[in-house]
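[1] What shape does this take:
(one chain, ligands or ions: 1)
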Amino acid sequence: MANQRQDLAHQLSRRLVNDHDLIVVENLKVAHMSRRPKPRPNGKGGFDPNGARAKAGLNRSIADAGWGMLRSMLVYKAEDAGRELIAVDPRHTSTRCASCGHTESENRVSQAIFRCRRCGHRDHADVNAARNILRAGRAQRASARAGSGN
Ligand SMILES: [Zn+2]
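    Numbers count the residues shown, from 1 in each chain. The predicted structure follows:
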């Protein structure tokens, strides 16, 4: 399992670096996100919901994707190949409409479905988020260039 994951991360990072001059990732704190949510005692001998179930799904998908490993492979392969790798602030990337910019948590209908409550734009939620991440990376790159005078 670990070997397969590593092979997959090698292949994917190689393909991304070969095919793209600019790669933008969310600046996720992987260790933090993988931590178990703390139980919240409610003072009545029980526990309030702490998002453990949602987090378990997220933890699993992060683990499955080997995100930390993929990311470190991307960093060194991009550097070797002279590609640009930019990390952007992950806030709102999954709830902002890539079409009109409207940001609302209800836009994210489910893990897979994004539907903008303002303009009706529909997309796979990951694709919508990816467009936001790419746009943020391009904006970050443009302002860095403007700042350095190039
Ligand atoms: Zn919209």
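
[2] Below-threshold pLDDT in the chain: ranges please.
    29-65, 149-150 (pLDDT under 70).

[3] Mind listing what's buried along the top helix by length along the chain?
    The longest helix of the chain (DSSP state H) is helix 125-148. If you call a residue buried by 16 or more other CB atoms under 10 Å, then helix 125-148 has these buried ones: Ala125, Asn128, Ala129, Ala130, Arg131, Asn132, Ile133, Leu134, Arg135, Ala136, Gly137. (Glycine included, C-beta is placed from N, CA and C.)

[4] Between those, which sits nearest the ion?
    Nearest to the ion out of the buried residues of helix 125-148 is Asn128 (CB to the ion; 9.4 Å).

[5] Report the contact partners of that closest one.
    Neighbour list for Asn128: Ser94, Cys97, Ala98, Phe114, His121 [criterion: CB atoms under 8 Å, 6 or more residues apart in numbering].

[6] Just give the closest residue to the last one, not the sequence neighbours.
    In this structure, His121 finds its nearest non-sequential neighbour in Ser99, 3.8 Å apart by CB to CB, 6 or more residues apart in numbering.
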